[in-house]
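Novice: Sequence and predicted model, in that order:
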Amino acid sequence: MVRTFFQRFGTHGICVLPSDVLSNDLLRIDPETHTMPTTLRKQASALGLCYAQVLYSFADGLYWAQVASTPDLVDAQRVQLTEEQLYHALPWDVRLQDREADTIRDLIFAHAQTVRPVQRKTTPEQADIAPIAIAALTPAPVLPLEPVADATVEVSTSELREALDPHSPNETSESPFELITGKAKRSPLRQRIGSFSMQQAFLRAMIDALMAQLYQVQDHLVALSLKARCALLAQMQRWHRASGQRVVNAVAVWNDERQAVVWQLTVGVPLAAYAAA
């Protein structure tokens, strides 16, 4: 039986983690000062380490925690951590307090190998089948989502086609609608795009569209807002990769200005997570 973080660690105390668990995306813009944001990893870590107090679990394998660059948690930031990230947590006590940062990191990664669930070895023929079987036996929890402010981004058919097949955009002759609905005329060698890949493509298309706007704007505040929206979408990309839950809704609409069909992509965030914050 796999033990959870609280079963291994208890419900109290400070733990030390590698700073790699923290996001390196830009933080949200301060609405009062409008200063250029830093990243959580730079703000809440030092010498490759960060310190955390895990508060509670709000979903299976997901935790709220406060993290900081010092064990007294001065200027702590509220973050989400996953069970996978917390495999690297060690209690911050007398056994570590006099050790060098590099030594602590070595101990952390060695500890993670001992508590991480053992993965069954598979043959090359089983490699593509095993993850599907495991996912079917242990489905991820489905969290309610809520659209965020400025959550809808319009992209053209060509932009969406490129995001759906970024490595060879010119080889995809079907329309995004045909690919999304599965009605494309496929050769025997062409596989239908799965839901996971489709959602990741939607998020890529949204980020690409916002970045294109960013390169054209002159207003500093507008640029900061676009960067913050890109950072949020990147965060949702990671969350979707971990949870597999659908986060983007795509609707085809007619755009009079372009005289063409455009795609309205709307992203939602985990409602339970933000309510708990």
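Specialist: Right, received. Where do you want to start? Numbering: from 1, shown residues only.
Novice: mind listing what residue 163 touches?
Specialist: By Cβ atoms under 8 Å, 6 or more residues apart in numbering, residue 163 lies in contact with 155, 201-202, 204-205, 208. C-beta here means a position set from N, CA and C on the backbone, and glycine is covered the same way.
Novice: so it is in which element?
Specialist: Residue 163 belongs to helix 157-164 when assigned by DSSP states H and E.
Novice: how deep is residue 6 tucked in, by neighbour count?
Specialist: By the measure other Cβ atoms under 10 Å, the count of residues near residue 6 is 14.
Novice: quick one: residue 19 and residue 223, what's the gap?
Specialist: Residue 19 is 27 Å from residue 223, where distance means Cβ to Cβ, to the nearest Å.
Novice: ok, these two, which is more surrounded?
Specialist: When residue 19 and residue 223 are compared for neighbours, residue 19 comes out ahead with 20 against 16, by other Cβ under 10 Å.
Novice: That one: what's its closest spatial neighbour, skipping adjacent residues?
Specialist: Using Cβ to Cβ, 6 or more residues apart in numbering and skipping residues adjacent in sequence, the residue nearest residue 19 is residue 45, 3.5 Å away.
Novice: these two touch, right, the one you found and residue 79?
Specialist: No. Using Cβ atoms under 8 Å, residue 45 is not in contact with residue 79, being 11.6 Å away.
Novice: Between these two, point out the one with more neighbours.
Specialist: A side-by-side neighbour count of residue 45 and residue 79, using other Cβ under 10 Å, places residue 45 first with 22 against 19.
Novice: Could you chop the protein up by domain?
Specialist: 5-115, 145-276 (automatic domain parsing).
Novice: Need the CA coordinates for the longest helix seen in the chain. PDB is fine.
Specialist: In the chain, with assignment by DSSP state H, the single longest helix is helix 220-243. Coordinates of each C-alpha in helix 220-243 appear next as PDB, following Å, rounded to 0.1, in the frame of the first residue of the first chain:
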ATOM      1  CA  HIS A 220       3.800  48.400 -20.300                       C
ATOM      2  CA  LEU A 221       0.800  47.400 -18.200                       C
ATOM      3  CA  VAL A 222      -0.900  45.500 -21.000                       C
ATOM      4  CA  ALA A 223       2.400  43.600 -21.600                       C
ATOM      5  CA  LEU A 224       2.500  42.700 -17.900                       C
ATOM      6  CA  SER A 225      -1.100  41.500 -18.000                       C
ATOM      7  CA  LEU A 226      -0.400  39.300 -21.100                       C
ATOM      8  CA  LYS A 227       2.700  37.800 -19.400                       C
ATOM      9  CA  ALA A 228       0.600  37.000 -16.300                       C
ATOM     10  CA  ARG A 229      -2.000  35.300 -18.500                       C
ATOM     11  CA  CYS A 230       0.700  33.300 -20.200                       C
ATOM     12  CA  ALA A 231       2.100  32.200 -16.800                       C
ATOM     13  CA  LEU A 232      -1.400  31.100 -15.700                       C
ATOM     14  CA  LEU A 233      -1.800  29.000 -18.900                       C
ATOM     15  CA  ALA A 234       1.600  27.400 -18.400                       C
ATOM     16  CA  GLN A 235       0.500  26.500 -14.900                       C
ATOM     17  CA  MET A 236      -2.600  24.900 -16.200                       C
ATOM     18  CA  GLN A 237      -0.500  23.000 -18.700                       C
ATOM     19  CA  ARG A 238       1.400  21.400 -15.900                       C
ATOM     20  CA  TRP A 239      -1.800  20.700 -13.900                       C
ATOM     21  CA  HIS A 240      -3.400  19.100 -16.900                       C
ATOM     22  CA  ARG A 241      -0.300  16.900 -17.500                       C
ATOM     23  CA  ALA A 242      -0.500  15.700 -13.900                       C
ATOM     24  CA  SER A 243      -4.300  15.300 -13.600                       C
END
